[in-house]
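Visitor: Okay, sequence plus prediction incoming.
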Amino acid sequence: MKPQIKRTFSNFFFEYETPRQVLVRNKRVAVVCRIIQMGVLAYIIGWVFMYEKGYQIVDIAISSIFTKMKGVSFTNISEKERIWDAADYVFPEQGDSSFVVMTNYIATVGQKQDKCPEVGKCLSLLPSSLLAFIRHMTGRCINDTSTCEIYSWCPVEDDRKIPDPPVLLTAENYTLFIKNSITFRQFNVVRSNLVESVNQSYINTCLYHPKTDPLCPIFRLGDIVERSGLSFSEIARVGGAIGVLIDWDCNLDLSIRHCKPKYEFYGLYGTGKNEDKEEKPSLGYNFRYAKYYVENEVEKRTLMKVFGVRIDIIVHGRAGKFDIIPTLTAIGSGVGIFGVATVVCDMLLLYLVSKRDFYKNMKFKHTEIEEEVSVVFK
Amino acid sequence: MKPQIKRTFSNFFFEYETPRQVLVRNKRVAVVCRIIQMGVLAYIIGWVFMYEKGYQIVDIAISSIFTKMKGVSFTNISEKERIWDAADYVFPEQGDSSFVVMTNYIATVGQKQDKCPEVGKCLSLLPSSLLAFIRHMTGRCINDTSTCEIYSWCPVEDDRKIPDPPVLLTAENYTLFIKNSITFRQFNVVRSNLVESVNQSYINTCLYHPKTDPLCPIFRLGDIVERSGLSFSEIARVGGAIGVLIDWDCNLDLSIRHCKPKYEFYGLYGTGKNEDKEEKPSLGYNFRYAKYYVENEVEKRTLMKVFGVRIDIIVHGRAGKFDIIPTLTAIGSGVGIFGVATVVCDMLLLYLVSKRDFYKNMKFKHTEIEEEVSVVFK
Amino acid sequence: MKPQIKRTFSNFFFEYETPRQVLVRNKRVAVVCRIIQMGVLAYIIGWVFMYEKGYQIVDIAISSIFTKMKGVSFTNISEKERIWDAADYVFPEQGDSSFVVMTNYIATVGQKQDKCPEVGKCLSLLPSSLLAFIRHMTGRCINDTSTCEIYSWCPVEDDRKIPDPPVLLTAENYTLFIKNSITFRQFNVVRSNLVESVNQSYINTCLYHPKTDPLCPIFRLGDIVERSGLSFSEIARVGGAIGVLIDWDCNLDLSIRHCKPKYEFYGLYGTGKNEDKEEKPSLGYNFRYAKYYVENEVEKRTLMKVFGVRIDIIVHGRAGKFDIIPTLTAIGSGVGIFGVATVVCDMLLLYLVSKRDFYKNMKFKHTEIEEEVSVVFK
């Protein structure tokens, strides 16, 4: 190795550069500067480290939801007693995270493919291009009802009047059981909302209450609706949607037992308790479905227009754990932000203080005006 | 308090340190340096602050989707007139964010549990381990069809020929109504895609068009497919999937009225307008479902192989609002990036400029070689 | 332009400031300092650039899933042979990303609205407020069964004994075909899990295996369950849930052909192979659904309590591509973190080294105590 390279190499390792500093003795500027610096320090320690936990790596959960409704309604419509259980009123049936609980309906029994008069007012207000795809006219007029004859599932559904009070108003007392499993892949942690304190005997008797039973996974439908800020009686009549948020914010530096779900309820659409229902377009939540059957070799169906409470269960899962990399990054960017204090103080010192020329002199050293004057003063 | 501590304390508050600087008068280096600094400043102001809105905290929306298809198809197959309405052609029925609109089908009516000959070519090409779980042979051979007899729902479905043109080609004119509600929890803001300008009378008549009606929540199925780049006639025959993206990018520092959805359409799978359909494996979208019924005390079913357009509605909701914490962080890291300019300029100055030794002298001050020479010059 | 402004302007462009540095010749401090600096450099290059690919912009995929189960089960219950195909055992039928495969069931055939005695033990242990919504009593007692008479779908389901072994144990051999399409909007890239090497002939014969066939999109149900760490025979009996994660981590700076999915399996709930099933509450996965039919003008239903494997398919799609903005930001914050090294070294130098007063003198220059003494020493 050549001596030149060796020397450069040894210089590199035996010397290090550090900026030269002026210690400015100016009370006002110094106090301002220290306050700013302490503010930055408080921000870094308090916000970045304590509040945002900048020393942790974060993983977002993979989650799975399973739901089960329980409860029975009893109706007595025109002397016909009928029981409704979960298989009758939950759509879809398989326990998804998003489902509808029927609270009201308009049933059209025994529809079959035929020709019959349409129901309600004339549709001629609609653009004729759209009209063709809504009704298939036969071209004949029915004098009795003053409407046109159409090809359709007959008799045609008449949904001009929504049953009030809702047929299944007792849906308020149904209970919803939520099973939620979350997996933090990065930390190899699996949790369920049936945490340590929630055992089989507790589940058998508990009912969710934000204060007294915040971990009970069984919810009363009426409570869910009321807590979301909507009115159950109104939502039961025309339908509505509620979001149930399961919020997991876990600090895995502590014991896993502290990693618990928190339930929150949001009204997504529907009418609030004191709201004027006239002002919003497209109120409610309803859909149609058909139960098909064959009678005397003719295909028939019972068409149900279902009004109900749609429940969307959403999981926010987030876990943090100490890791050296984000800790270093947080410290590093903290040091960077520290520089802001110096920049602000320098501005005060060089532009606002009366003796600014003196300080400028201390801080800056001029090189000679070489290119223009070309004379070097030493 | 001891005088010593008091002095240290007062020193800390009355003094502050600021780096000493050399003002280098070198035209070329200075111009390069200023240009880099202005670039960095432009980047921080233009990109970090203006474009990325680094002064805002961001919240991701919780969203809920409700969909409703409207439209009627009329078919006339072997002299049998039939009407198809939404309860017949939408799966699932309850208005989910992901659903299938049937556009073509192969129906096998009146299947019952029995023994019958299988349909189509011999399956002996399959590995025998798999074969056992696809067909349950009785062991008998049917000479008429040269196939084996199997236990099955009989008659066996024959899906070798897909109806062309598709049975429900008029599905093109169905309309899709989308109701989308988003909640920004952090800002306590709830919005719906039925924004201020979308009232009941507008909804009754409008149809989405990206230029003229960008906020109308009613979409023609044919338009959705065409805008996603796929061919409706092809997709209607073999099926396909379309993604409808509802993009909310809200700046809550402005009026909430400017927080509006934007609709985009993506072909997820299916055949494009001018594409060669031979090159891709597993084309189309189809599934089977069965309508069960009891006839003469025998359980029967109508098996439908359904081809259709699957619509996946995806919501991207993001809102930003001014907050002091991200503002300070953005400024702080901006100051940090400013340091890059000085580093680059110093390299120019110390390694590339002809008078580099002179500048080196100005910038650096050597401490004595203490450990080796051990003599201290003051 | 006034000469004053002109001069300030020219000064700004022809001068630039660079901090003055002390070159400290202290072996120990210098070596420590260089090691820290090299550590920071290694962190920036190795972690931020190479591992985290900090020079890339990142896009999260929009994805769509289509699933199809294949396979047939044959049961022979009390001399009644029956075949089960996908239309019979998959819920919902339309190929969603989340679905249930029935593996066991309790069927209650021919239920109709009536009065009948309830099944099982007395429910008087429940709070009476809940009880009212679970059973609707007629008030009569049935002596034969020592239970109360209730309004219900009669006969009442008796689910006290779960069939063991599960009725459809051969479900282990069903196959699941997954079609997954992802779209990276920002990069205008569309990919499917049927990548280049997966063509039609490969799909016809392949079966997923993590080592030999990691890209085959066809999975054996038994394999999925076993790989997730659960026991198939146990899960088939009482039900359970499996998460299938499709992980796309694409580097679009390389050829698109390297952008391939990776499949992972997680047991979400259910019993593991060697676990004690007594310790966990609410085991299994089951739901009820009803097939309605009309017989002799009476509405009847077949109630099925279905136990099964719930499959949740989750897609993580992430693609990165080189972009100048994140590159500059990464470099900038890297330079910021470099400052940490200097801060640490300065602490060593000024507080721990024996000749610290000498170095302090070199590094710091004092301004005079102006406000207190008010005399200026030049």
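Guide: Here it is on my side, so go on.

Visitor: Show me the shaky parts of the stretch 151-300 of chain A.
Guide: Applying pLDDT under 70 to the stretch 151-300 of chain A flags the ranges A:270-282.

Visitor: now the helices: where do they sit in it?
Guide: Under the criterion DSSP state H, counting those that start in this stretch, the stretch 151-300 of chain A contains helices at A:200-205, A:221-227, A:232-238.

Visitor: Let me know which of the ones you listed is tucked in deepest.
Guide: Mean neighbour count (mean count of other Cβ atoms under 10 Å in any protein chain shown) peaks for helix A:232-238 among the helices of the stretch 151-300 of chain A, with a mean of 23. In short, each C-beta sits where N, CA and C put it, glycine included.

Visitor: ok, and what's touching that helix?
Guide: A:103-104, A:162-166, A:168-169, A:171-172, A:221-222, A:225-226, A:240, A:270-271, A:277, A:283-286, A:307, A:309 (Cβ atoms under 8 Å, 6 or more residues apart in numbering or on different chains).

Visitor: Please pick the buried ones from those residues.
Guide: For these, a burial check counting by 16 or more other Cβ atoms under 10 Å in any protein chain shown picks out A:103-104, A:162, A:166, A:168-169, A:171-172, A:221-222, A:225-226, A:240, A:270-271, A:283-286, A:307, A:309.

Visitor: ok so, going back, format the helices of the stretch 151-300 of chain A as a markdown table; extra columns: distance to B:Arg318.
Guide: Converted to a markdown table, the helices of the stretch 151-300 of chain A look like this (distance: least, Cβ to Cβ, whole Å):
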| stretch | distance to B:Arg318 |
| --- | --- |
| helix A:200-205 | 38 |
| helix A:221-227 | 27 |
| helix A:232-238 | 29 |
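
Visitor: helices and strands around the lengthiest helix in chain A, which ones?
Guide: Secondary structure of chain A per DSSP state H: the longest helix is helix A:324-347. Helix A:324-347 is packed against helix A:27-42, strand A:56-60, strand B:15-19, helix B:324-347, helix C:324-347, with contacts defined by 3 or more Cβ pairs under 8 Å, 6 or more residues apart in numbering or on different chains; DSSP states H and E.

Visitor: Return the per-residue confidence for the nearest residue to A:Trp84 once chain neighbours are set aside.
Guide: Distances taken as Cβ to Cβ, 6 or more residues apart in numbering or on different chains place A:Ser73 nearest to A:Trp84, at 4.3 Å, with adjacent residues excluded. Here, the pLDDT recorded for A:Ser73 equals 88.

Visitor: what do you get for A:Ser354?
Guide: pLDDT, A:Ser354: 80.

Visitor: Going along the chain, name the strands of the stretch 1-150 of chain A.
Guide: Taking DSSP state E, counting those that start in this stretch, the strands of the stretch 1-150 of chain A run over residues A:15-19, A:21-25, A:56-60, A:62-70, A:73-77, A:80-84, A:90-91, A:98-117, A:136-142, A:147-154.

Visitor: Could you list the buried residues of stretch A:242-257?
Guide: Of the residues in stretch A:242-257, those buried (16+ other Cβ under 10 Å) are A:Ile242, A:Gly243, A:Val244, A:Leu245, A:Ile246, A:Trp248, A:Cys250, A:Asn251, A:Leu252, A:Ile256.

Visitor: from the residues you listed, which single one is nearest B:Ser78?
Guide: Nearest to B:Ser78 among the buried residues of stretch A:242-257, counting by Cβ to Cβ, is A:Ile242 at 47.4 Å.

Visitor: beta partners of the closest one?
Guide: As for beta bridges, A:Ile242 partners with A:Gly267, A:Ile311 under DSSP bridges.

Visitor: For it, which residues are in contact?
Guide: A:Ile242 makes contacts with A:224-225, A:228, A:230, A:265-268, A:270, A:309-312, as judged by Cβ under 8 Å, 6+ apart.

Visitor: If we ignore the residues flanking it in sequence, what's nearest A:Val32?
Guide: Nearest non-adjacent residue to A:Val32 (Cβ to Cβ, 6+ apart): A:Leu348, at 6.2 Å.

Visitor: what about that neighbour, neighbour count?
Guide: For A:Leu348, the count of nearby residues is 19 (other Cβ atoms under 10 Å in any protein chain shown).

Visitor: picking up where we left off before, might you report the residue contacts of the residue nearest to A:Trp84?
Guide: Taking Cβ under 8 Å, 6+ apart as the test, what A:Ser73 contacts is A:Ile83, A:Trp84, A:Tyr89, A:Leu168, A:Thr170, A:Ala171, C:Phe133.

Visitor: got a winner among those for most neighbours?
Guide: Highest neighbour count within the contacts of A:Ser73, by other Cβ under 10 Å: A:Ala171, with 26 neighbours.

Visitor: I'd assumed A:Val90 was in contact with it.
Guide: No. At 10.7 Å, A:Ala171 does not count as touching A:Val90 under the criterion of Cβ atoms under 8 Å.

Visitor: How many residues are close by A:Phe74?
Guide: 17.

Visitor: go on, the one 3 residues further on?
Guide: In terms of burial, A:Ile77 registers 10 neighbours under the definition other Cβ under 10 Å.

Visitor: Now the common contact residues for A:Ala171 and A:Val90.
Guide: Common neighbours of A:Ala171 and A:Val90 (Cβ under 8 Å, 6+ apart) are A:Val101, A:Met102.

Visitor: so which helix or strand takes in the nearest residue to A:Ala107 once chain neighbours are set aside?
Guide: Excluding the flanking residues, the one nearest A:Ala107 by Cβ to Cβ, 6+ apart is A:Met304, at 5.4 Å. Element membership for A:Met304, per DSSP states H and E: strand A:298-322.
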